[in-house]
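Enquirer: for reference, the sequence and a predicted model appear below.
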Amino acid sequence: MARSRHSDALRAAQMYYLQDLTMDAIARELRTSRSTVSRLLSSARETGLVQVQIRSPFDTGPELESQIRNQYGVDVHVVPVLDTLNEAETLDRVAMQAARTIGPLVDSNAIIGVAWGATLSAVSRHLTRKVTHDSIVVQLNGAGNMQTTGITYASDIMRRFGSAYGARVEQFPVPAFFDHASTKTAMWNERSVQRILDLQARMSIAIFGVGSVDSDYPSHVYAGGYLDEHDLTVLAADDVVGDVATVFFRSDGSSDGITLNARSTGPSHEQLRQVRRRICVVSGASKINGLQGALAAGLATDLILDEASARRLVSFNGKS
């Protein structure tokens, strides 16, 4: 949106939502037509200048949010979703709410780390534009495997984030997993790779989903040809329940001794925990084991999830 139109949209929104002026009154004050005012108000909503919140007295979300916040020390946003929706429909609803929640948290001069995956792909499609300056979107983990470079899939997600916030995009053109840990060590010494690693080390925000071994709606890392039968056998032997940015963990949040992590190109859990704001988006109650492990590892500061998953997380914790 051009600066003048952005300013007009802001003025129209303030008069309409804060001063209770009618569109006709706003049109007279701005010396424009009623239809133009309607378009300005629509632009204000689409670009995130205006956000609508609805608090129902019958909504169980706040109670669930309070329970999860007290147990795990994270800021929580529970998305109300009908139980009759399937996982794909639930994901779309959660992704839409996540996109609207993330927008206000992104400021100028931010370095935004984004992990690729089915959840973040859905979120990226619902992002609304927000003007920022000198911001950078950096890919958190490589996306290549034996079947594909992964560049198109990951770059589409990064491009949408970059376009939404007017940010420069820095891709990470390495495989998701190296065949040998020694190859990763050698690559990490290359200056071109170190430039991306330096950006990751200076992230102000990290945004990611949770991969889960036993999810009904398969995580991309488990369904996209990144792991062979031997890898899956090794993960089972290591009692792995999920991953964040292709770095695996157990149900108690531990990751020591998980051999595949030595070949992964995602940031270590120690590095991720250094990021000031870490936004985790989860959809689907079948990811509960992976989510509980990620929370136990302290990987998130903010959690956005559907209501069914929130209920199951509270119940899961009550039984543990």
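Expert: Arrived safely. Residues are numbered from 1 along each chain as shown.

Enquirer: C-alpha only now, for contacts and for neighbours.
Expert: Noted.

Enquirer: helices or strands up against the helix or strand that contains A294?
Expert: Element membership of A294, judged by DSSP states H and E, is helix 288-296. If contacts are counted by 3 or more Cα pairs under 8 Å, 6 or more residues apart in numbering; DSSP states H and E, helix 288-296 sits against strand 211-212, strand 240-244, strand 247-250, helix 307-319.

Enquirer: and the ones you listed: which comes nearest V79?
Expert: V79 lies closest to helix 307-319 among the helices and strands packed on helix 288-296, at 5.6 Å (Cα to Cα).

Enquirer: ok, back up a step: where among the helices and strands packed on helix 288-296 is average confidence lowest?
Expert: Among the helices and strands packed on helix 288-296, helix 307-319 carries the lowest mean pLDDT, a mean of 82.

Enquirer: now do the helix holding A294, average pLDDT.
Expert: 95.

Enquirer: same question, stretch 171-185
Expert: Here the average pLDDT along stretch 171-185 is 94.

Enquirer: check the offset of that stretch from the chain's centre.
Expert: From the chain centre to the centre of stretch 171-185 is a distance of 23 Å (Cα atoms, centre = their mean, to the nearest Å).

Enquirer: mind listing what's buried in that stretch?
Expert: 171-178, 181, 184 (16 or more other Cα atoms under 10 Å).

Enquirer: give me the residues contacting that stretch.
Expert: 138-145, 149, 151, 155, 158, 193, 196, 226, 246, 262-266 (Cα atoms under 8 Å, 6 or more residues apart in numbering).

Enquirer: the spatially closest residue to Q292 that is not a sequence neighbour: how many residues sit nearby?
Expert: Excluding the flanking residues, the one nearest Q292 by Cα to Cα, 6 or more residues apart in numbering is S251, at 6.5 Å. Neighbour count for S251, taken as other Cα atoms under 10 Å: 20.

Enquirer: tell me who's in contact with S251.
Expert: 239-241, 289-290, 292-294, 296.

Enquirer: distance to R45 and neighbour count for the residues you listed - can I get that in a markdown table?
Expert: Below are the contacts of S251 laid out as a markdown table (distance: Cα to Cα, whole Å; neighbours: other Cα atoms under 10 Å):
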| residue | distance to R45 | neighbour count |
| --- | --- | --- |
| D239 | 45 | 15 |
| V240 | 42 | 24 |
| V241 | 39 | 26 |
| N289 | 36 | 23 |
| G290 | 34 | 27 |
| Q292 | 34 | 23 |
| G293 | 36 | 25 |
| A294 | 33 | 28 |
| A296 | 36 | 17 |
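
Enquirer: ok so, going back, got CSV for the buried residues of stretch 171-185, with secondary structure and distance to T32 too?
Expert: Shown next, in CSV, are the buried residues of stretch 171-185 (DSSP: H, G, I helix; E, B strand; the rest coil; distance: Cα to Cα, whole Å):
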residue, secondary structure, distance to T32
Q171, coil, 44
F172, coil, 47
P173, coil, 49
V174, coil, 53
P175, strand, 54
A176, coil, 53
F177, strand, 57
F178, coil, 60
A181, helix, 64
K184, helix, 60
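
Enquirer: what is the most widely separated pair among those?
Expert: For those, and using Cα to Cα, no pair is farther apart than Q171 and A181, which are 21.4 Å apart.

Enquirer: surely L140 and I112 touch.
Expert: No: using Cα atoms under 8 Å, L140 is not in contact with I112; the gap is 9.3 Å.

Enquirer: pLDDT score for I111?
Expert: Value for I111, per-residue pLDDT: 98.

Enquirer: where does the stretch 51-200 of the chain dip in pLDDT?
Expert: Along the stretch 51-200 of the chain, the parts satisfying pLDDT under 70 run over 53-61, 146, 148-151.

Enquirer: show me the helices in it, by range?
Expert: When secondary structure is read from DSSP state H, counting those that start in this stretch, the stretch 51-200 of the chain shows helices at 61-72, 87-102, 118-124, 151-165, 181-187, 191-201.

Enquirer: looking at these, which is nearest to H230?
Expert: The nearest among the helices of the stretch 51-200 of the chain, by Cα to Cα, is helix 181-187 at 16.2 Å.

Enquirer: now the closest one: how far from the chain's centre is it?
Expert: 28 Å.

Enquirer: again, but for stretch 20-33
Expert: On Cα atoms, centre = their mean, the centre of stretch 20-33 falls 38 Å from that of its chain.

Enquirer: with stretch 157-169 instead?
Expert: 13 Å.
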